[in-house]
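Student: Need coordinates for the following:
(chains A and B)
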Amino acid sequence: MSAETSRQEPAHAFAVRGLTKVYGEGAVAVHALRGVDLDLFEGEITVLVGPSGSGKSTLLNIIGGLDVPSAGQGLFRDREITAFDERALTRFRRDHIGFVFQFYNLIPSLTARENVELITEIARDPMPAPDALALVGLGERLDHFPAQLSGGEQQRVAVARAIAKRPDVMLCDEPTGALDSETGIYVLEALETVNHELATTIALITHNAAIADMADRVIALADGRIAEIRENPRRRPARELRW
Amino acid sequence: MRALNKKLLRDLWRARAQVVAIGAVVGCGVAVFLMSVGTLRSLDDTRAAYYERYRFADVFAQVRRAPAGLAARVAVIAGVQRVETRIVEDVILDIAGMDEPATARLVSIPERGAPVLNDLTLRQGRRVASDRPDEVVISEAFAEAHGFGPGDHLSATINERKRRLDIVGVALSPEYIYAIGPGVFLPDNRRFGVIWMGREALAAAFDLKGAFNDVSMSLLRSASEPEVIARLDAVLEPFGGVGAHGRDDQVSHAYLDGELEQLSTIATIVPPIFLAVAAFLLNIVLSRLIDAERGQIGLFKAFGYTDRAVAWHYVKFVLVVLVLGIAFGVAGGAWLGRALTEMYTELFRFPFLHYRPGGDVFVAAAVMTLTVGIVGTLGAVRRAARLAPAVAMAPPAPAVYTRAAFEGLIPARLLGQPSRMVLRHILRWPGRAAMTTLGLSLSLAILVSTLFFFDAIDHLIEVYFHHAQRQDVTVTLIEPRSAAATNEMSRLPGVMATEPYRAVAVRLGFGARAERVAITGLRRDADLWRLLDTDLRPQSPPDRGIALSTELARRLGAGRGDRITLEVLEGRRPVRELPVSAVVEEYIATPAYMDLNTLNRLMEEGPLVSGASLLVDSARVGALYRALKEAPAVAGVVLHNAALRTFNETMAETMYIIISFYVGFGGLLAAGTVYNSARIALSERGRELASLRVLGFTRGEVSAVLLGEFMLLTLVALPIGCVIGYGLAWYITAQTATELYRIPLVVAPDTYGMAVGVVIAASAASALLVRRRIDRLDLITVLKTRE
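Tutor: Residues are numbered from 1 along each chain as shown, chains lettered A, B, ... in the order given. Below you'll find the predicted structure:
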């Protein structure tokens, strides 16, 4: 119970109500989200799980300002991001959100350091690129191009690139999907460090049930709706995870 | 339809914008080729047929007065086929309703039957009758300029007597396809016309009964023209022959030759540029297609398609684009060819002129296009054919980027990451960047090398009319008269200053080379008709020795200080050796100059003048014109302002039309190059750009990464294009220099500015089209899939 009350305290990072997303129309319409209500709290690690097509990525994309809903409302710290225009969404992503994707999406023509500097050059209050890279355990190989790095190293550069601007929220879509377990755990540890040291809110999509243990809360989606919200009594450190 | 062909059609449809853009570039090349070669052929064939059918002579000569019997001696010269003797004189016309005097060339024709050579094509009316000495046939361009036809009348001062001439016919002649009056360098159909009159009537008027002063002849196929000319000169010399010449020195023929030379220069420069750029664009589009379809190629091969079948599949893609381009080109070329032919119909007078490029021209265009296109894409096709199935189905090795060596030299704060992306992408594909730059440079070069014509003509006019020939009127006398004639002219109404000149036909020789030219004697203090040195500074005629015009010096191979042989072709025909004491800049003809007194001493005929330059009070110009119309001794009058006006009305307009075609072509080439290169870059880098958008870069910032590359390449291309353009302009001026005129190599800063503006505008327009696609990048699907 005491845990329950203490959890009432943190502010909302995101609050979405009745979020609906329909792709296409008529006979070919696909309902990706069917009226989702959800809160994400500041400083929390949330893991989203669910089968393919359950709407996880659509939800993440909408709260990250990459997509707009067909209906419903999404608030980020009392600002209605679902009413933002293209320009405001870009600004929002730039100032508040850090993304990490399954396929890293590094810029091949820039070195590890430069990929991070790409963000620090446009951010309002960035940390030095080497610091961001050190935070994810990449103190060396700063001057290698992505093609010269392993998958795990590339993904850690992607995490460093996402955290370098000190984002309020990190949105990670299958960050370990393309990695073996050992490398995957390195990446998750990096996320954990960021959450711990910078109090960054993290939402993470995964197909991997084991990863759910590192979250404060686990949200299961099915068929465009929230099927279950489960709270972990204790976050399990990433280094203890096994799969 | 076979599955592969369906795939081909869909590939083409997906890439339709690029297919059309490349097709347009191919089309421009084909169109210019068909236009220039087609028109060249049409003009060449038409001229040959015209010459043949109307018996245009091969050799021409003028004499003072030769007895009719001399024709028999000319006819027996080895190699001579037919001989026509004539009387040819220039006279002043007084045309009702026109203040200024016009000049006409009177040419005799037989009263009965057709001339043996240089026959007329009657367009209206009839030839002259034998018992009607006042009947004349006039040239069509002159007739049209004044609305004259059979039944109208002309007033001419013939051998110091005013006479009324009755127009009975309007005709064309192979001798005057390009009709240009004495002392001018541009056709002016209002102020110069050709008038054909009965031989006996003209003989009576000029006291040349039983004599002639002009002879032309056709040669046998086996004849040697220089030998015939040498023998003819010997026969005519005692009768005041001034040196025979072949068709090369016949004004109409030579102008037409110059025009054909220009067309053939265009045909050799422009189409290859377009085809080379098209081949490059096709190569990058096809390479990208093949890269994107690696997996599919692997699959085809795994299923048993042969390497040859795969190669043929991609060759067909190229063929469709090329055939589309050829179709554009044939349509455009036919249209442009007709437009150009119509323009030439205005400028040149042919009895028939059809734009009929032979089938072989089309075949040549098609073969050339297909060859260049296929050879240009062979590398990409071969890569597809050689791809092993297992390799093809695996993802391609990631592109290896490196730092540019010079990046370290640029302070980090000046070189942000997006700029590094631009630089490294260029360095990763240097060949492609180089070709894109070259494509843009060549577009610019086409613009510079055509737009510079305006500068060249402006410069020519500036030099000719404002620095060299500053007189308002040049008067030519029927024959040289004593210096007192100058005084008479200075007493004409409105004349503020007069400067006499003496013109003498000479042959100049230096080493093995010889040129037949007119040498002009000017007073040392001449201030209206001035000589200019090669820096365009005025200078006096040399007190001793001779001044050669630049082109004449080049043709003789002589320079300052060389001693050349001067052989006078009239009067006592003195021969002298003289030093070249100056080389003077002249763009029109190939004149030579001496001091008037030195020339007269050399001629041993006393102080004579051939005419004078007049400075006229513009308020009294009407009175002067009236006086000149009545002046008995005057053979020709050149009105400088009128010549300039005519130029602006006719030539300038024609030039604007032709040059605007090329501005369009150059712009299209730039747009096609940037559009295709940027589209390819976008398809290769869509993922990278979408990542930047996700990371919070704005549309503008993301576009800058892609389009910045093309802005940079455009910037690099600009100076290169200006240099190539200057080189092409030089080539054009060198190729088209004739004895009649030279186009000065002058490229004004404005021209570079204009050309640069067009290239930047065309690049920007195509960049904007690509920008719209960058704005519509699908951020989500790009990031969910592995490349």
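
Student: For the lengthiest helix in chain A, list every residue counted as buried.
Tutor: Secondary structure assigned by DSSP state H gives helix A:181-198 as the longest helix of chain A. Of all the residues in helix A:181-198, those buried under the rule 16 or more other CB atoms under 10 Å in any protein chain shown are A:183-195, A:198. (Glycine included, C-beta is placed from N, CA and C.)

Student: just the angle between the helix or strand that it is followed by and helix A:181-198, please?
Tutor: Counting by DSSP states H and E, the next helix or strand C-terminal to helix A:181-198 is strand A:201-205. Relative orientation of strand A:201-205 versus helix A:181-198 (axes from the mean of the first three to the mean of the last three CA atoms, to 10 degrees): 160 degrees.

Student: so where do the strands sit in the stretch 201-350 of chain B?
Tutor: B:211-219, B:245-246 (DSSP state E, counting those that start in this stretch).

Student: Ok, which of those strands comes nearest residue B:232?
Tutor: strand B:211-219 (7.8 Å; CB to CB).

Student: what is the rounded mean pLDDT of the closest one?
Tutor: Across strand B:211-219, the average pLDDT comes to 96.

Student: Using PDB, list the CA coordinates for that strand.
Tutor: Output of strand B:211-219 as PDB, limited to C-alpha atoms (Å, rounded to 0.1, in the frame of the first residue of the first chain):
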ATOM      1  CA  ALA B 211      32.100  45.400-124.900                       C
ATOM      2  CA  PHE B 212      31.600  43.900-121.400                       C
ATOM      3  CA  ASN B 213      32.900  44.500-117.900                       C
ATOM      4  CA  ASP B 214      32.000  41.300-116.200                       C
ATOM      5  CA  VAL B 215      32.600  37.700-117.100                       C
ATOM      6  CA  SER B 216      31.600  34.500-115.400                       C
ATOM      7  CA  MET B 217      32.200  30.900-116.500                       C
ATOM      8  CA  SER B 218      31.500  27.400-115.600                       C
ATOM      9  CA  LEU B 219      34.300  24.900-115.500                       C
END
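
Student: which outside residues touch that strand?
Tutor: B:55, B:57-68, B:70-71, B:74-75, B:79-89, B:107, B:117-118, B:203, B:206, B:225, B:228, B:232, B:236 (CB atoms under 8 Å, 6 or more residues apart in numbering or on different chains).

Student: how about 6 Å then?
Tutor: Residues outside strand B:211-219 that contact it (CB atoms under 6 Å, 6 or more residues apart in numbering or on different chains) are B:57-63, B:65-67, B:79-88, B:117.

Student: which helices and strands does the longest helix anywhere in chain B pack with?
Tutor: Of all the segments of type helix in chain B, defined by DSSP H, the longest one is helix B:651-694. Packing partners of helix B:651-694 (3 or more CB pairs under 6 Å, 6 or more residues apart in numbering or on different chains; DSSP states H and E): helix B:16-53, helix B:251-292, helix B:430-461, helix B:699-736, helix B:749-775, helix B:779-784.

Student: who wins for proximity to chain A among these?
Tutor: helix B:779-784 (5.1 Å; CB to the nearest CB).

Student: got the residues of chain B near chain A?
Tutor: B:398-401, B:416-417, B:421, B:424-425, B:688, B:691, B:694, B:696, B:698, B:779-780, B:783, B:786 (CB under 6 Å from any CB of the partner chain).

Student: who in chain A is up against chain B?
Tutor: Residues of chain A lying near chain B (CB under 6 Å from any CB): A:61, A:66, A:90, A:93-94, A:99, A:101, A:103, A:105, A:107-110, A:114, A:117-118, A:121, A:145, A:147.

Student: Name only those of those that count as buried.
Tutor: Buried by 16+ other CB under 10 Å: A:61, A:66, A:90, A:93-94, A:99, A:101, A:103, A:105, A:107-110, A:114, A:117-118, A:145, out of the residues of chain A next to chain B.
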